[in-house]
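# Just need the structure, nothing else, for what follows:
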Amino acid sequence: MRSVMLDKQSPFKFLSPYTRKDTDIFFGREDEVNQLYEFVFQSRILLVYGQSGTGKTSLIQCGLAGRFRESDWLDLYIRHNGDINASLKQAIRSKLEAPPQEEVPPVKLLFSLYLDYLRPIYLIFDQFEELFILGSEEEQKTFIATILEVIKVSALPCKVIFAIREEYLAYLYAFEKEADSLFSKRLRVEPMSQANARKVIIETSRKIPQLATVSEDIAAAIVEAVAEQGRVRLPYLQVFLDHLYREAPVEAGRKVFDAATVARIGQLEDVLATFLGRQLQEFESRDKGGRGQAINFLKAFVTQKGTRRPLPRREIPRFLPGYSEAEVNRMIEFFEDRRILHPMENNQYELAHDSLAAHLFKMEARTVEIPALPAGLQAYDGPTPGLGPYRAGQASIFWGREKETEELFDLMANKLQSSTTLLYGPTGVGKSSVVQAGLLPRLQQLFGCRLVVCRPALQQEPAWAGIFGRPPSPGQAENLLSRACFGETEAEDASRRFIIFDQLEEFFVHLEPSQLESFYRHIAHLLATRPAYGLLFVAREEFFSYLPAFQAVVPELLEKQLRLEPLGEAAAGRVVAGLLDYLGLMDDQALREQILQRTLHEGEANLSLLQALFNRIQALEEA
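Next comes the predicted model:
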C-alpha cells in the first residue's frame, strides 16, 4: 500500500543547502570540516572556494557551524542583495537588541553586537562572486575598506569567511593588493568522491525513519547514475535522491530504494536538466504561454555570465517586457512551488542553485513566431528601389535576407536579456532594407512600432529639438522620446513597443557632443521608465568608435547585436531568380548567369550594381 504522506514529503535537501539543524544527516565532508575548523583559529579571514555544486554553503552553514557550541558561534550570513555594504549593515542591525537610529559605521555596529551577545562573530559572505558580477567599482572599494578595518581591530572577536566560485578567484586581486597574504588560509572544496557519496546515501538513510536503510549495492548504483568522471555533483545527487524517494515503493510503512526504481530513474543523462525540463513541460501543459514564456521568466534570474541573479519582486517586470502582472505572479507561484525559484529576504527571489542557472543560460526561448508578410501591401513601381533601400511596400519582392530578418526578429522579440539590439555592418550590405522591408512589416503586425531615420532635419521638429536640447530631469515622469515617437497615444501601460533608429551614424556626424549626450540620456530614461519598450539601433560599423560614449550612458547597448554580412553567392542567386521571375524572364538562364557574373566579386554581391542592372533591364523590357 502506497502512503500519500510519504509520497508528498521528501526528507532530502533537494537544492537547498544543509544548515546547523541538519548536522545529524550531514555526511561525507568530515576532512573538509576539520580543516576549516583548524583554519578558524589560525586566521581572522578565510576563503572557501570550489566549483558550483560542490557544497561550499553546506560546509560552512552545517559542517563548520556544527562544530561550535551555540555560546561560541554568532553567525551572520550575507549576500549581495543589490548592495553588499547595505546588506552587511542590515545583517548586523537585524541582530542588535537596540539598533541605533543614526548612521553608524559597520565596525561600531559589530562592537555593539558583540556586547549584546558576548559571542565571537562570524561574518559569512556567501555567493561572494555576486559582488564582482553585480556590484559597482565604488561598492567594491567601500567593501574592501570595511573588511580591512574589521580584521585590523584586534579587540573585536570577529572572523570573516568568504565562499566563492573558483572561476572568480582572480577578482580577489583588489583585496590582496591592499593586504599581503590576506587569503593565506583557503580551502578548496572538491567534488565529492564516489566513496563519500555512497556514505552520504547510506548514513542519511539510517537517520530517516520513513526510509529503509539503503544497501551498499543500491548506493553504488545511485552513485554510478550521477557520477561524472569519477566525482559526484551534489545538486544532481540530491535531486536524484529526492526524485527516487517520490518514486520508490512502500513496504511496511517505509520507502524502499530498490534496483528496479534506481535503474528506471538512472536512465536520465542529466538529472537536474531533466527535472527542469519536466517542470517546464508541466507549466506548458497548464499555461497557454507555454515553455518559451517560462524559460524567459526564469532567465531573468540568470546573469550574462550564467550565474544566479537575485531580483527584488518589484524589479522582475523590468526583465520581462510585455508580461502582465498576472503572468508574472502566476509564474512566481508555480516555480516557487516546484522549488526552482527560492524566496529570500526583503521580498527577493533567486534560482534555487547555480546549476539551474547554468542550464537556463544555454536554453533558447521562443515565444513569438515571426509572422508572414501581411496582405495588401502598397503597390511598387519596379523590381528594385534603385540606389535607395527597399521599403515596406516592396517587402514582397525583397529576397535573399530571410535568415537575417528572422534572426533580427528573434533577437528583438524573444531574447529579453536586454531591451536594446544593435544591427551593424559595412556600407552597402543592405541594413536599412533588412529593417524596412524585412523586419518592420512583420514586427508591426504584433507590436507598436516607430521607425526613426536619424536625419539631421529632426532637429527642426519641436519634439526632437527638446530631446537634443536638454537631458531629462531627475525623477521626470514624462518621457519625451516615447512621446515624440508615439504622440498622444504614448502610454505607461505594459504593452510592448519598438523604436527603430535607422542610420544612427547620421547623429554621430551631425549632432554636437552635448546634443548626443542629451539623446543618450533620453534613451536611458526611456529604458528605465518604459520597461516594455525595445530599441533597435542600426549603424555602419565604421562608426563603432562612437559607441563607447553611448554605452557609458546605456550599459546594455551592446548586449544583443547582429552583424549583417555582405550578400553571399547563394543568397544573390535567390535575389536574381526572384527578380527575373517578377519581370517574366525566369527561363532566361543565360541572363541569370550574366547578371551574377557582373555583380559578384570574390563571392560577395554588389547590391547597388545589382539593383541598377535590374532597373535597366526593366526599362529595356518596357521599351
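
# Other residues contacting stretch 264-278?
With Cβ atoms under 8 Å, 6 or more residues apart in numbering as the test, stretch 264-278 has contacts from 221-222, 224-226, 235-236, 239-240, 243-244, 247, 340, 353, 355-356, 359-360. C-beta: built from backbone N, CA, C; applies to glycine.

# taking the residues you listed one by one, which sit in helices?
Residues of the contacts of stretch 264-278 located in helices (DSSP state H): 221-222, 224-226, 235-236, 239-240, 243-244, 247, 355-356, 359-360.

# For those, which single residue is the most surrounded?
Using other Cβ atoms under 10 Å as the neighbour definition, these reach their maximum at Val239, which records 28 neighbours.

# so that residue makes contact with Leu15?
Yes - contact between Val239 and Leu15 holds when scored by Cβ atoms under 8 Å: they sit 6.9 Å apart.

# any idea how far Pro11 is from Leu241?
With distances defined as Cβ to Cβ, to the nearest Å, the gap from Pro11 to Leu241 amounts to 9 Å.

# Over to Ala484?
According to Cβ to Cβ, Ala484 stands 58 Å off from Leu241.

# what number of residues lie near the nearest residue to Thr19 once chain neighbours are set aside?
Closest residue in space to Thr19, ignoring its immediate chain neighbours: Gln61 at 5.0 Å, by Cβ to Cβ, 6 or more residues apart in numbering. By the other Cβ under 10 Å criterion, the neighbourhood of Gln61 contains 22 residues.

# Check the one 10 residues further on too.
Counted with other Cβ under 10 Å, the burial measure for Ser71 works out to 10 neighbours.

# A strand includes Glu369, no?
No - residue state for Glu369 (DSSP: H, G, I helix; E, B strand; the rest coil) corresponds to coil; a strand is not indicated.

# quick thing: my sequence starts at 578, can you match it?
Happy to do that; since the first residue is 578 now, the last one works out to Glu946.

# that older thread, tell me which of Pro588 and Leu818 has more neighbours.
When neighbours are counted by other Cβ under 10 Å, Leu818 comes out ahead of the other of Pro588 and Leu818, with 27 against 17.

# Any regions of the stretch 1028-1177 of the chain where pLDDT drops low?
Low-confidence segments of the stretch 1028-1177 of the chain (pLDDT under 70): 1065-1071.

# hey, where'd the helices end up in it?
With DSSP state H, counting those that start in this stretch as the definition, the stretch 1028-1177 of the chain shows helices at residue ranges 1039-1046, 1057-1063, 1082-1087, 1090-1106, 1124-1130, 1146-1159, 1166-1176.

# Can you pull the poorly scored residue ranges out of the stretch 778-927 of the chain?
Under the criterion of pLDDT under 70, the regions of the stretch 778-927 of the chain flagged as low confidence span 844-846, 864-866, 899.

# if we can go back for a sec, please give me every residue in contact with the residue nearest to Thr596.
Gln638 makes contact with Pro594, Tyr595, Thr596, Arg597, Asp652, Tyr654, Ile701, according to Cβ under 8 Å, 6+ apart.

# Looking at the residues you listed, which are in strands?
Counted as lying in strands by DSSP state E, out of the contacts of Gln638, are Asp652, Tyr654, Ile701.

# so which of those is the most crowded?
The most crowded member of these is Ile701, carrying 23 neighbours; neighbours defined as other Cβ under 10 Å.

# Surely it touches Ala668?
No - counting by Cβ under 8 Å, Ile701 does not reach Ala668; the two are 9.6 Å apart.

# Check the contact lists of the two and give me the overlap.
Taking Cβ under 8 Å, 6+ apart as the contact rule, the neighbours common to Ile701 and Ala668 are Leu653, Tyr654, Ile655.

# tell me which of these is nearest to Ser782?
Nearest to Ser782 among the shared contacts of Ile701 and Ala668 is Tyr654, at 29.0 Å by Cβ to Cβ.

# give me phi/psi at the nearest residue to Phe975 once chain neighbours are set aside?
For Phe975, ignoring the flanking residues on the chain, the nearest one in space by Cβ to Cβ, 6+ apart is Ala1014 at 4.0 Å. As for Ala1014, its main-chain torsions (degrees, to the nearest 10) stand at phi -100, psi -30.

# Check Ser782 too.
Dihedral pair for Ser782: phi -60, psi -30, per degrees, to the nearest 10.

# Could you do Tyr926 as well?
Dihedral angles phi and psi of Tyr926 (degrees, to the nearest 10) take the values phi -130, psi 150.

# which residues touch it?
By Cβ under 8 Å, 6+ apart, Tyr926 lies in contact with Phe878, Pro887, Leu888, Arg890, Ile893, Ile909, Glu913, Leu918, His919, Pro920.

# For Asp599, which non-adjacent residue is spatially closest?
The shortest distance from Asp599 to any residue that is not its chain neighbour, by Cβ to Cβ, 6+ apart, is 5.3 Å, and that residue is Cys639.

# Isn't that neighbour up against Phe603?
Yes - under the criterion of Cβ under 8 Å, Cys639 lies in contact with Phe603, with a separation of 4.7 Å.

# Between these two, which contacts overlap?
The contact sets of Cys639 and Phe603 overlap at Tyr595 (Cβ under 8 Å, 6+ apart).

# can you give me the helices in the stretch 778-927 of the chain?
Assigned helices in the stretch 778-927 of the chain, in chain order: 793-803, 811-824, 836-842, 848-863, 867-876, 902-914 (criterion: DSSP H, counting those that start in this stretch).

# measure Arg775 to Thr851 for me?
Note on Arg775: its distance to Thr851, by Cβ to Cβ, is 22 Å.

# which one of the two has more residues nearby?
Arg775 (22 against 16).

# In space, what's closest to the more buried one - neighbours in sequence excluded?
Ala796 (4.4 Å).

# Can you tell me how far the one you found is from Asn773?
For Ala796, the distance to Asn773 (Cβ to Cβ) stands at 11 Å.

# Comparing the two, which residue is more hemmed in?
The residue with more neighbours, out of Ala796 and Asn773, is Ala796; 23 against 19, by other Cβ under 10 Å.

# Run through the residues that contact that one.
Ala796 sits next to Arg775, Ile778, Ile779 when contact means Cβ under 8 Å, 6+ apart.

# In contact with Ile947, which residues?
Thr982, Glu983, Phe986, Asp987, Ala990, Arg1019.

# Just the pLDDT for it.
Looking at Ile947, its pLDDT is 89.

# before we move on, what SS does the closest residue to it other than its chain neighbours have?
Excluding the flanking residues, the one nearest Ile947 by Cβ to Cβ, 6+ apart is Phe986, at 4.6 Å. Reducing the assignment to helix, strand or coil with three-state DSSP, the entry for Phe986 is helix.

# Return the residues in contact with Phe986.
By Cβ under 8 Å, 6+ apart, the residues touching Phe986 are Ile947, Leu1016, Arg1019, Leu1020.

# shouldn't Ala1101 be in contact with Val1130?
Yes - with contact defined as Cβ under 8 Å, Ala1101 counts as touching Val1130 (5.3 Å).

# Now do the strands in the stretch 928-1077 of the chain.
For the stretch 928-1077 of the chain, applying DSSP state E, counting those that start in this stretch gives strands covering 997-1002, 1025-1030, 1074-1079.

# what does the stretch 678-827 of the chain give?
Here the stretch 678-827 of the chain has its strands, by DSSP E, counting those that start in this stretch, at 698-702, 735-742, 763-766, 769-770, 804-805, 808-809, 827-828.

# Turn the ones you listed into JSON lines, including distance to Tyr967.
Putting those into JSON lines (distance: least, Cβ to Cβ, whole Å) gives the following:
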{"stretch": "strand 698-702", "distance to Tyr967": "56"}
{"stretch": "strand 735-742", "distance to Tyr967": "49"}
{"stretch": "strand 763-766", "distance to Tyr967": "58"}
{"stretch": "strand 769-770", "distance to Tyr967": "60"}
{"stretch": "strand 804-805", "distance to Tyr967": "52"}
{"stretch": "strand 808-809", "distance to Tyr967": "56"}
{"stretch": "strand 827-828", "distance to Tyr967": "68"}
